[in-house]
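Trainee: from the sequence below, what's the structure:
(one chain, ligands or ions: 1)
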Amino acid sequence: MSQNAIEFKGVTKTYAGQGKSGPKHALKGIDLTIPAGSIFGLLGPNGAGKSTMINILAGLVNKTSGKVGIWGFDQDVNPRQSRAAIGVMPQELNLDPFFSPRGALEVQAGLYGVPKSERRTDEILEMIGLTDKADAYARSLSGGMRRRLLLGKALVHRPHILVLDEPTAGVDIELRQMLWRNVRRLNEEDGMTIILTTHYLEEAQQMCDEIAIINHGEMVVRDTTANLLGRLDAKTLVITPEAEPSHLPTIEGVKISQRPGGKIAFDFNRSATTPGAILDAVRDAGISLRDVATEEPDLEDVFLALTHS
Ligand SMILES: Nc1ncnc2c1ncn2[C@@H]1O[C@H](COP(=O)(O)OP(=O)(O)OP(=O)(O)O)[C@@H](O)[C@H]1O
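Mentor: Numbers count the residues shown, from 1 in each chain. I've put the predicted structure just below:
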C-alpha cells in the first residue's frame, strides 16, 4: 500500500475563456499529498478551485499540467487503476430517474467491472438505509434518499479512497448524522481514506484529521486540524461578575467588551498575556466573579484569517 492516497504535483488547470473573458487559471500549481487512512478536508471559499481538484481526481476534468497520483498510480500512465482506487460522491443529484436504487447500484458495479459474484448491492442498500426503496424509481426518492444513493454508487467497487463533494449541503440533521456515521465507519473499519469538501467549518473541525485550505487556485495552508486551531494566537476570557461592576480595569493589549447577560469578554493574545494576569486585574478592580470561561478560536476564525483578501 502506498503511504499517500493522493499526490498532486504542480497541478494547474486553465479553463479556456468564454466570450470576452480571458482564460481562467483555476489551479495555479497545486502540490498536495493526502495520507492513506486519513479523513482529509479540502476547504476554500467559493470559486477557490475545490471542485476542479475533485473533478480532476474523478477523471471528469483534464488537468492542464502537473502530475496526479492516486493510490500510487500515475493518473496519466495507469488511468484504469487510478479510477478503480477512487469513488466519488458528486455534489449534483445526477441520477437516472428511471433506475431503481438497486438498478443504479448494479449498473454502476457493471461500469466498474465488478463481477456479479462480488457485488454487494444488498449490503450497500442496507448501509444507506434504502432497503425498503430498493425497487422504487429514483424519481420517487426524496432529495435525502438520492444523496444516500449517490454515496452507495461511490462504494460499489470498494474504492480505497472516497471523495465527498459537499456531501451535507442543504441536508437535514438526521441525514447529516447518518452520512457521518457511515463515513467514520468506512474510515475506521475499512481503513478507507476520506476526502471531503464542505462549507460547514464546524463539520470539518469535528471530522477531519488534516485540512488543506485553497484560495484563488493556490494552497494557502495544509496542516493537522489541531495545529491549525493552535495557529491563532487570539483567545477570549469571559467573566460573569456577581454584580454589575462600577468600573472595569484597563489592561494593556486586552480588548474588553460587554456581552449579553452581564458578561464581560476580554480578547487577548496568548503571546502577550495570560488569563491569570487578566483575572488578577479583575480582582484588583474589586470585581467578584460568579463564573469564568475561556473561548478558543475555531476553524472558522482560522479560515477567515487565512483566506481574507
Ligand atoms: N468549466 C469551466 N469553465 C470556465 N471556468 C470554470 C469552469 N469550471 C470552473 N471554472 C472557474 O474556475 C474557478 C474554480 O472553480 P471551482 O468550481 O473549482 O471552485 P470551488 O472551490 O469548487 O467553488 P464552489 O465552492 O463554489 O464550488 C472559478 O473561478 C470558476 O468560475
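Trainee: and the longest helix for the chain?
Mentor: helix 173-190 (DSSP state H).
Trainee: which strands and helices sit next to whatever helix or strand comes next after it?
Mentor: Tracing the chain C-terminally past helix 173-190 and defining elements by DSSP states H and E, one meets strand 193-197 next. Helices and strands touching strand 193-197, by 3 or more CB pairs under 8 Å, 6 or more residues apart in numbering; DSSP states H and E, are strand 4-15, strand 24-35, strand 39-43, helix 50-57, strand 161-165, helix 173-190. In this view, the C-beta of every residue, glycine as well, is placed from N, C-alpha and C.
Trainee: deepest in the core, which of these is it.
Mentor: Taking mean count of other CB atoms under 10 Å as the contact definition, the stretch among these with the greatest mean neighbour count is strand 39-43, which reaches a mean of 26.
Trainee: quick one: contacts of the longest helix of the chain?
Mentor: By CB atoms under 8 Å, 6 or more residues apart in numbering, the residues outside helix 173-190 that reach it are 37, 39, 127-129, 144, 147-148, 151, 155, 162, 164, 167-168, 171, 192-194, 196, 203, 207.
Trainee: now swap in stretch 297-309 and tell me
Mentor: With contact meaning CB under 8 Å, 6+ apart, stretch 297-309 is reached by 43-45, 48, 201-202, 204-205, 211, 213, 215-216, 220-221, 225, 228-229, 231-232, 234-235.
Trainee: of those residues, just the buried ones, ChimeraX syntax please.
Mentor: Here is the ChimeraX selection string for the buried members of those, based on 16 or more other CB atoms under 10 Å:
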select :43,44,45,48,201,204,205,211,213,215,216,220,221,225,228,229,232,235
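Trainee: show me the contacts for residue 127.
Mentor: Neighbour list for residue 127: 152, 155, 182 [criterion: CB under 8 Å, 6+ apart].
Trainee: how close does the last one sit to residue 42?
Mentor: So the one you mean is residue 182. Distance, residue 182 to residue 42, using CB to CB, to the nearest Å: 19 Å.
Trainee: got the domain boundaries for the chain?
Mentor: Domain assignment for the chain by automatic domain parsing gives 4-229, 232-297.
Trainee: so of these, which one's packed in deepest?
Mentor: For these, average neighbour numbers computed from mean count of other CB under 10 Å are highest in domain 4-229, which has a mean of 17.
Trainee: tell me if that one is near the ligand.
Mentor: Yes - with CB under 6 Å from any ligand atom as the threshold, domain 4-229 lies in contact with the ligand, specifically through 15, 24, 26, 44, 46, 47, 48, 49, 50, 51, 52.
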